[in-house]
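Asks: Using only what follows, build the 3D model:
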Amino acid sequence: MARGKNIIPDFMAENPYDTFKLLLPLKLNLDEDKYGNSHFKVIIKNMTQNELFTYDLSPELLFTHFPLEKSFSNGQQNDYYQNKTIFEKDFIIDTTNISKNNSYKLHELLDEKSIVSISGWKRKFLNESKYINCYLIEQNGNKIIIPDFVIAIYYYFRFSEMREAALDCNLEDLYVMCTPDRNDAKIVLPIPRNDEDAAFIHRYACNEIAQKEFDNIGKYINNYLSYMRNLDIDKEIESIPIKANFPIKEKFKIETRCSILTNEENNEKYYFIHEILNDYSDIGFDKFTKIIEQNKTITTIDEFENLPKVDKEIPGNITEILKGKPANKKYTQTHHRKDKKKSCGSLNGIEIEHETITKDTLIDILKIYKEQQNNESIDQSLTESSNKGEKNISKIVISSEFEKENAERNPLNEIDNFTVFRQYMEFLEQQSSIKNFILSEVKDLPEFLIEKDGDKKVNSKCKIKKRQKQYLTATFQYEEIYIGLLELENKPSSAAATWVIISRENYISEHIFNSFISFFLEDNLSTKELKAIYTKSPIKFITKNHERDENLTIEQLSKWLAALIGKLSIN
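Replies: Numbering: from 1, shown residues only. Here you go, the predicted structure:
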């Protein structure tokens, strides 16, 4: 959705002399192949032309490059069309008692005039803006509206990998291991991160409340879809509301950009938060060591490789061995975002050290961890003594990805959606009205290069778990209609949706399947775009949602079949 290494959105690149403002994220538009690649649907205003439209934008770009209610031209911030009603203000908020009782839709607090004022001064997107999720916090006589998207951007979408991990419920992709010791916290990262991002990852890995709220970002997607599909299993759901909670429960200061909105129906005044600039919540430690995993044989950052990982548990005590030659500094705030002078007040005054650690040493840590779990003697030869000559003992949190390198691919019967798909196919084949049924063997997706950030790279949609993604196909005839089904391998956190290709004229051949795979991977079209292109053509393309239950009931199978047959009409 953006071009080149400067990250210029298409609408800016195509109108380089116009000034644009990004106003409000309305919804999360889902990528049904991988939720982690989902985008915010954002209201954009071309200030020069006075035009209002929406655009799908990666959420983290609202943190790193394009803050809301700022003016940009060709990717660069400018001083035109400044909104003088927006100002910076600090608030002391207490998130301890925030609950569902504090959660509202925007229209429950603001009148239509106020909502129109923050969505471009036009009613074009009023109906969607009204249903934005937000929190109302009342403190010291102030009524403060904090939209969920503001919380999500600052706390959970700070960089692209964090966005993917949050939406996919896969926090453990972000770290190798860490220690939650307040006096000497450490984290081992598979790739370099700045101090602020490393600190946030440590918080999510080691703090139970923060970890729960991080996981809730992705769980909300699945819960929402489950709820909606219980109402109508065949309903096409392409977007969901944005939902996020604070990852800390305490009283702390936030620095914001806000405006004052007045509900003229009841004369209530509210501070509306457009952006959290900074927060001063307790980060969970007083000293912090950031350790970058490094293989002995590599010489550049680009050659870093992922390590094997073990099932995540928090053991009782384990000998601490994460010491090294430190580069020491007291934290001072840096320019993390293009126009920010602030970044992470939670790290003010925190002593931070930087180290590297080899893969072999990490494996030694793993061996010690296993011995301790098995109540065997612990080899302390790698540990350092305290000043009193005693071993320093601390807990260690290990990512559950830590020991899977040798098992590069799961057995096919363990691939979640393939197991489910085969149940549907077995049921389908048994139906007397289904003719010429054929189920393929598992096949590997071909790899296609696409341009990304100015370089040619393998399309990420081709890969899963560092290997080629796989797929299954099935073909059959129902009455006078030829049908082809294609099931792409995906993660349990991704949408469960089968491709359905329909024709009255042509048997669905391998060539037709390959053509749609090429559209999806080489041309990088989404399934939504494919549906739009092939709605009224001789060959129709749709998708069919299905359950993720390894033991489907007859009722579930029958409902799926009935819904599939209902989709087979050709205009």
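
Asks: Are we agreed that residue 72 is in a helix?
Replies: No. Membership of residue 72 in a helix is not supported by DSSP: H, G, I helix; E, B strand; the rest coil, which gives strand.

Asks: Does it touch residue 20 like I think?
Replies: Yes. The criterion here is C-beta atoms under 8 Å, and residue 72 meets it with residue 20 at 5.4 Å. Any C-beta I mention is one placed from the backbone N, CA and C, and that applies to glycine too.

Asks: quick one, which of those two is more surrounded?
Replies: Using other C-beta atoms under 10 Å as the criterion, residue 72 and residue 20 rank with residue 20 on top: 27 against 24.

Asks: Spit out the contact partners of the more buried one.
Replies: Counting by C-beta atoms under 8 Å, 6 or more residues apart in numbering, residue 20 touches 11-12, 44-47, 71-73.

Asks: List just the nearest of those to residue 256.
Replies: The closest of the contacts of residue 20 to residue 256 turns out to be residue 71 (C-beta to C-beta; 18.9 Å).

Asks: follow-up on the earlier one: with distance to residue 148 and pLDDT as new columns, can the contacts of residue 20 be given to me in TSV?
Replies: Listed next are those as TSV, based on distance: C-beta to C-beta, whole Å; pLDDT from 0 to 100:
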residue	distance to residue 148	pLDDT
11	25	95
12	26	95
44	20	98
45	22	97
46	26	97
47	26	97
71	25	97
72	24	97
73	29	96
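
Asks: Find residues that contact each of residue 72 and residue 20.
Replies: Common contact partners of residue 72 and residue 20 (C-beta under 8 Å, 6+ apart): residue 12.

Asks: For the residue lying closest to residue 218 once chain neighbours are set aside, which residues are in contact?
Replies: Take residue 218 and drop its neighbours on the chain: the residue closest to it by C-beta to C-beta, 6 or more residues apart in numbering is residue 169, 3.6 Å away. Residue 169 is in contact with 215, 217-219, 493, counting by C-beta under 8 Å, 6+ apart.

Asks: Pretty sure residue 77 sits against residue 65.
Replies: No. Applying C-beta under 8 Å as the test, residue 77 and residue 65 come out as separate, 9.1 Å apart.

Asks: for the stretch 151-300 of the chain, which spans come out with low pLDDT?
Replies: For the stretch 151-300 of the chain, the stretches with pLDDT under 70 are 295-300.

Asks: do the same with the chain
Replies: Low-confidence segments of the chain (pLDDT under 70): 1-6, 295-343, 359-360, 362-396, 398-415, 452-454, 493, 495, 570-571.

Asks: And the helices in it, which stretches?
Replies: 10-13, 61-64, 112-118, 126-129, 148-151, 160-167, 195-206, 208-231, 359-373, 416-429, 510-521, 527-533, 554-566 (DSSP state H).

Asks: for those, which one sits closest to residue 474?
Replies: When the helices of the chain are compared by C-beta to C-beta, helix 416-429 sits nearest residue 474, at 5.4 Å.

Asks: Using PDB, list the CA coordinates for the closest one.
Replies: This file holds the C-alpha atoms of helix 416-429, laid out as PDB (Å, rounded to 0.1, in the frame of the first residue of the first chain):
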ATOM      1  CA  ASP A 416      -4.800 -27.500  11.500                       C
ATOM      2  CA  ASN A 417      -6.800 -26.300   8.600                       C
ATOM      3  CA  PHE A 418      -5.900 -29.300   6.400                       C
ATOM      4  CA  THR A 419      -7.200 -31.700   9.000                       C
ATOM      5  CA  VAL A 420     -10.500 -29.800   9.000                       C
ATOM      6  CA  PHE A 421     -10.700 -29.400   5.200                       C
ATOM      7  CA  ARG A 422     -10.300 -33.200   4.800                       C
ATOM      8  CA  GLN A 423     -13.300 -33.800   7.100                       C
ATOM      9  CA  TYR A 424     -15.400 -31.600   4.900                       C
ATOM     10  CA  MET A 425     -14.100 -33.300   1.700                       C
ATOM     11  CA  GLU A 426     -14.900 -36.800   3.100                       C
ATOM     12  CA  PHE A 427     -18.400 -35.600   3.800                       C
ATOM     13  CA  LEU A 428     -18.800 -33.900   0.400                       C
ATOM     14  CA  GLU A 429     -17.700 -37.100  -1.400                       C
END
